[in-house]
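Asks: the amino acid sequence is not available; the structure is as follows:
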């Protein structure tokens, strides 16, 4: 039987506010346990929440970026359950009246096709603390630094049909939140986490199959692998005559499998009800309009501009606009060198290759955008040739100089375009290689083109790569042909 | 005012005058009250924690401040605080074993305000556990006795505050009122107690029972005293999102109120079945006093009154079940010994830490919020709540204030209401006020034998100034508020 995979995602983006969603405590990552937990975060008796306006503004900006309806009035509710790292015994979240209504996000697949994924809604909520099970000899430690950190939970419709689409969707969400500057998107630190809902159905069937929810998957790779595993599991189960049960599962990256956490029957009744300590959140048109004015250029707009104004290919434009860091880097390179196509080639080619090899992010690239731009500028103005440029890039990567110009100068890589100087080297090479010269002279004219490569190589070697290759070619051809 | 009145019988306003006139120091006053509490409270049990050292230190600071010429209106005056307000460095128990070991690391906003004023805190008063009760019999620290009649309850949940003020163990106290917890004990103990409009006084640091109903307020010997305290504690608080940003009038200025032309409504539902004859007689006599002073009286209907108690007992327990989830033995408060696992920790901690009434309300609230019941209970109760509120809004289109009894009977005997439902019915006249969010004041209006009767006066949202003015004018004509119980007098 042919199966179709149906995937919906809940993405939790930690918002980059200065302080927590309901208290003044700092949200900085990595502080000593419980040093960023105030009386409010500890849920001390008598404390009350006060909503952080910055978190509201960030949620609204997200809504505008995905063409969603921003709710004029949204309501915080309490989701009640007991857990040691949940200090109040409830999580303050939004349920029936979220701040961001239905929207849509376009994703780009590897084969270059695009697809629209509908967003059901996005809502604000507070994060819980962390339970630490190691280092306490059978006991559990609680760190409440993260408790009360603002999260935007972005819930998609079940519109994705493959693991690749799911990953592309999360990448698109990642791009939007980082473009907007509302989240640092750092998945390793948990700033972006996903719950993946997976089900399968016979191809052509309209009704959805029973879904399993895979909790807290925190890398693009794990999302893909968790889905693959889960799809296989469900198909096998059904084909063996079994039934998928609605349940929450956990992906274990070490074993590369998902395991059942709890079934629907064991699920909590969260007893949601409006939080009586917080007023409904009201945002008016003027406020929304004001935030709309502050929206940066978003990935889709940027991609369109890269194509139309800079003349990049659709593929280059997509890759370079995929993340804000990448786009910003590219644009700076382009501005410094003045050649968008060269800039695109270098950023995606030499630089991306090296970063990938060393497993580095573009934000920590050893070669800065200004340096790379300076290098390309010297290619464009023919100060150096392509071969020397690779040397300069390698030297910049290794930190051998502050700028391309400095390295060109110190290594003497400046391209030799003086015809007299090139002629002198060519004469020397011809004199040093009489056998090859004879071969050349005896060859048919249509074979000579290939044979000239040997002499070019020798000249370049003798000039330590600085001779202008086009000139070398021309001078060599003239001289060799005139000898015969 | 004659200084022949014993210090413990004076009003807060008189004590403030005495301090200003240099008749005594704050230290003398504080020591006098502490000594009286130590001598008499063994019998009443109105205090849970006495703050002797802190009080004397603060009294000295108040005296120094006065000497430096920086005294505020109430600097150096001592008072008591219901043990539901967090007070930095002092145990804040909420009348519960759960918080028996909880020393608050911060001050509630109203405590901050009182301290800034220079008020001296004598101690923390007894209450029904987590403010759940109408008799103060639900306290981990034992029942409180009514100083007017030691076989009677003082009312609840602010029973310790009411008994302490009535017995001269404090000139005034802070209470909280979720369904009548200031007004009913004020009535039972013959003192004046104001429940302000919801949002008028900050709830920050006031341990939550039912967040949408809880409101702190003053309990004292006169409307004037309540006005002076309101001048200190009222106002918006950036730490309480439900406090209302709105100008605070001078409540003392508002005392100069002209009763002539005052339109009084009598809700007919508050004079029906269940109202004791002696309470009705006192209340009607009090209303006659207003009529004689030029006020007009008309009957009013609050047609949804009969739904107030069921509505309250859906909403308040629902909120409480969630508010009390934080008492889990993990971070503070009681923790059971040697928990076997997490579930055991939760179950035994809460089993041991909470009393029966608290458990009952947590169970009710958990049930009404559950899947399948939520719409039928919680959502419906919220709808009825709006109808109850509308009853009052409609009434205040016709009259300035409403008057009636604060409770159907005078203080009942200790142990009289073993059945929780019969206890819940005691709040018939007070509970709707919290659901509507309006202010109400209870003033002494008579005695039924040894036990006081309270007149309840209700006003529109933010009508405290009028309420206190009306109550003050009543106290210019009558002297019920000047009556003192025999308890503790011979030992004065």
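Replies: Nice, I can see it. Every value quoted in this text rests on a predicted model; they were computed, and no experiment measured them. Numbers count the residues shown, from 1 in each chain, chains lettered A, B, ... in the order given.
Asks: okay, CA-based contacts and neighbour counts for the rest of this
Replies: OK.
Asks: now the residue nearest to residue B:58 when sequence neighbours are not counted: phi and psi?
Replies: Using C-alpha to C-alpha, 6 or more residues apart in numbering or on different chains and skipping residues adjacent in sequence, the residue nearest residue B:58 is residue B:120, 5.8 Å away. Main-chain torsions, residue B:120, degrees, to the nearest 10: phi -100, psi 130.
Asks: would you mind measuring from residue B:120 to chain A?
Replies: For residue B:120, the distance to chain A equals 21 Å [C-alpha to the nearest C-alpha, to the nearest Å].
Asks: any idea how far stretch B:251-258 is from the chain center?
Replies: 22 Å (C-alpha atoms, centre = their mean, to the nearest Å).
Asks: in the stretch 351-484 of chain A, what residue lies closest to chain B?
Replies: Of all residues in the stretch 351-484 of chain A, the one sitting closest to chain B is residue A:363 (39.3 Å; C-alpha to the nearest C-alpha).
Asks: quick check, pLDDT for residue B:422.
Replies: For residue B:422, the pLDDT comes out at 87.
Asks: err, residue A:438, not the other one
Replies: Reported pLDDT for residue A:438: 87.
Asks: and the host helix or strand of it, how far from the chain's centre?
Replies: Taking DSSP states H and E as the criterion, residue A:438 maps to helix A:434-442. Chain-centre distance of helix A:434-442: 56 Å, with C-alpha atoms, centre = their mean.
Asks: can you tell me what sits against that helix?
Replies: A:430, A:448, A:451-452, A:480-481, A:484 (C-alpha atoms under 8 Å, 6 or more residues apart in numbering or on different chains).
Asks: can you list the residues of the stretch 51-200 of chain B near chain A?
Replies: Residues of the stretch 51-200 of chain B that fall close to chain A, judged by C-alpha under 8 Å from any C-alpha of the partner chain: B:85-86, B:108.
Asks: mind doing that once more with 7 Å?
Replies: residue B:86 (C-alpha under 7 Å from any C-alpha of the partner chain).
Asks: need the contact list for the residue in the stretch 51-200 of chain B that chain A sits nearest to.
Replies: Nearest to chain A, among the residues of the stretch 51-200 of chain B, is residue B:86, at 6.9 Å (C-alpha to the nearest C-alpha). Residue B:86 makes contacts with A:46, B:92, B:104, B:106-108, B:205-206, as judged by C-alpha atoms under 7 Å, 6 or more residues apart in numbering or on different chains.
Asks: dump the residues you listed to CSV, plus neighbour count, secondary structure and pLDDT.
Replies: Shown next, in CSV, are the contacts of residue B:86 (neighbours: other C-alpha atoms under 10 Å in any protein chain shown; DSSP: H, G, I helix; E, B strand; the rest coil; pLDDT from 0 to 100):
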residue, neighbour count, secondary structure, pLDDT
A:46, 22, coil, 98
B:92, 27, coil, 98
B:104, 22, coil, 97
B:106, 19, coil, 97
B:107, 20, coil, 98
B:108, 23, coil, 98
B:205, 25, coil, 98
B:206, 28, strand, 98
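Asks: just the buried positions in stretch A:237-251, please.
Replies: Within stretch A:237-251, the residues scored as buried using 16 or more other C-alpha atoms under 10 Å in any protein chain shown are A:244, A:246-251.
Asks: residue A:63 reaches residue A:100, doesn't it?
Replies: Yes - if you go by C-alpha atoms under 7 Å, residue A:63 and residue A:100 touch, sitting 5.5 Å apart.
Asks: find residues that contact each of those two.
Replies: Common contact partners of residue A:63 and residue A:100 (C-alpha under 7 Å, 6+ apart): A:69-70.
Asks: now the residue in the stretch 101-250 of chain A positioned nearest to chain B. Nearest residue, chain neighbours left out?
Replies: Nearest residue of the stretch 101-250 of chain A to chain B: residue A:142, at 9.1 Å (C-alpha to the nearest C-alpha). Spatial nearest neighbour of residue A:142, excluding adjacent residues (C-alpha to C-alpha, 6+ apart): residue A:131 at 4.8 Å.
Asks: A strand includes the one you found, no?
Replies: Yes - counting by DSSP: H, G, I helix; E, B strand; the rest coil, residue A:131 is found in a strand.
Asks: can you give me the first-to-last residue distance of stretch B:61-78?
Replies: In stretch B:61-78, first residue to last residue: 13 Å (C-alpha to C-alpha, to the nearest Å).
Asks: which parts of the stretch 301-450 of chain B sit against chain A?
Replies: Contact residues (C-alpha under 7 Å from any C-alpha) of the stretch 301-450 of chain B with chain A: B:322, B:325-326, B:330, B:369-371.
Asks: low-scoring stretches of chain A, by residue?
Replies: When residues are selected by pLDDT under 70, those of chain A lie in A:265, A:484.
Asks: which helix is the longest one in it?
Replies: Assignment by DSSP state H gives helix A:220-239 as the longest helix of chain A.
Asks: taking chain A, what residue is nearest to chain B?
Replies: Proximity of chain A to chain B (C-alpha to the nearest C-alpha) peaks at residue A:46, 3.9 Å away.
Asks: burial of the residue of the stretch 101-250 of chain A closest to chain B, as a residue count?
Replies: A count of neighbours around residue A:142, defined by other C-alpha atoms under 10 Å in any protein chain shown, yields 18.
Asks: residue A:134 is in contact with that one, correct?
Replies: No - applying C-alpha under 7 Å as the test, residue A:142 and residue A:134 come out as separate, 11.1 Å apart.
Asks: for the residue positioned nearest the centre of chain A, give me phi and psi.
Replies: In chain A, the centroid-proximal residue (C-alpha atoms, centre = their mean) is residue A:323; its distance is 5.1 Å. Note on residue A:323: its backbone torsions stand at phi -130, psi 150 [degrees, to the nearest 10].
Asks: about what we covered before: quick one, phi/psi of the residue of chain A closest to chain B?
Replies: Dihedral angles for residue A:46 - degrees, to the nearest 10 - are phi 90, psi -10.
Asks: so it sits right up against residue B:208, yeah?
Replies: Yes - with contacts counted by C-alpha under 7 Å, residue A:46 reaches residue B:208, the gap being 6.0 Å.
Asks: for stretch A:178-196, list every residue counted as buried.
Replies: The neighbour-count check on stretch A:178-196 (16+ other C-alpha under 10 Å) flags A:178-187, A:190-196 as buried.
Asks: can you flag which of the residues you listed belong to helices?
Replies: Short answer: those in helices (DSSP H) are A:178-180.
Asks: so in chain B, where's the weakest helix or strand by average pLDDT?
Replies: Lowest by mean pLDDT, DSSP states H and E among the helices and strands of chain B is helix B:420-424, with a mean of 89.
Asks: list the contacts of that helix.
Replies: Applying C-alpha under 7 Å, 6+ apart, the contact partners of helix B:420-424 are B:134, B:417.
Asks: swap in 8 Å and give it another go.
Replies: Residues from elsewhere that reach helix B:420-424 (C-alpha under 8 Å, 6+ apart): B:133-134, B:309, B:417.
Asks: distance to residue B:180 added to the contacts of residue B:86, as TSV?
Replies: Formatted as TSV, those follow (distance: C-alpha to C-alpha, whole Å):
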residue	distance to residue B:180
A:46	20
B:92	22
B:104	26
B:106	27
B:107	25
B:108	21
B:205	20
B:206	16
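Asks: between those, which sits nearest residue B:260?
Replies: If you rank the contacts of residue B:86 by distance to residue B:260 using C-alpha to C-alpha, residue B:206 comes first, at 38.5 Å.
Asks: look up how far residue B:244 lies from the closest one.
Replies: As for residue B:206, its distance to residue B:244 is 16 Å (criterion: C-alpha to C-alpha).
Asks: same question, residue B:184
Replies: Separation of residue B:184 from residue B:244 (C-alpha to C-alpha): 25 Å.
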